[in-house]
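> pasting the structure only:
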């Protein structure tokens, strides 16, 4: 893959020692990864990279997702919100109504 146009990070709640804790994991953030990757493939967005991360320290808003290079933080992400975020991304925008404060 060439340098991606966007990099989407999804919190998986991993801690330094590798144990899984936190709200993102408990709210099944790992289940969002295949959905996100399938949506990107279906939309032909093959220049977008997806990664899971350690804890992002916004547990109260989990699952948390961040889209770079803009640095857009989204909370309480689910499949419907992913669709809205990807719609905005395809238009070159942020899903402003879903951004974390």
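Great, that's in hand. In this text the structure is predicted, and so the values were computed from the model without any measurement.

> you'd agree residue 72 is up against residue 66?
Yes: Residue 72 lies in contact with residue 66 (C-beta atoms under 8 Å); the separation is 6.8 Å. In short, each C-beta sits where N, CA and C put it, glycine included.

> Are we agreed that residue 32 is in a helix?
Yes: under DSSP: H, G, I helix; E, B strand; the rest coil, residue 32 falls within a helix.

> quick one, what contacts it?
Residue 32 makes contact with 10, 63, 65, 77, 78, 79, 82, according to C-beta atoms under 8 Å, 6 or more residues apart in numbering.

> Of these, select the buried ones using a PyMOL command.
Filtering these down to the buried ones (16 or more other C-beta atoms under 10 Å) takes a single PyMOL command:
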select buried, resi 10+63+65+77+82
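
> Stretch 55-70 spans what distance, first to last residue?
Separation of the first and last residues of stretch 55-70 by C-alpha to C-alpha, to the nearest Å is 20 Å.

> Okay, buried residues for that stretch please.
55, 56, 58, 59, 61, 62, 63, 64, 65, 66, 67.

> Pull up the gap between the residue nearest to the spatial centre of the chain and residue 39, please.
The C-alpha lying nearest the average C-alpha coordinate of the chain belongs to residue 65 (C-alpha atoms, centre = their mean; 3.1 Å). Distance of residue 65 to residue 39, given as C-beta to C-beta, to the nearest Å: 12 Å.
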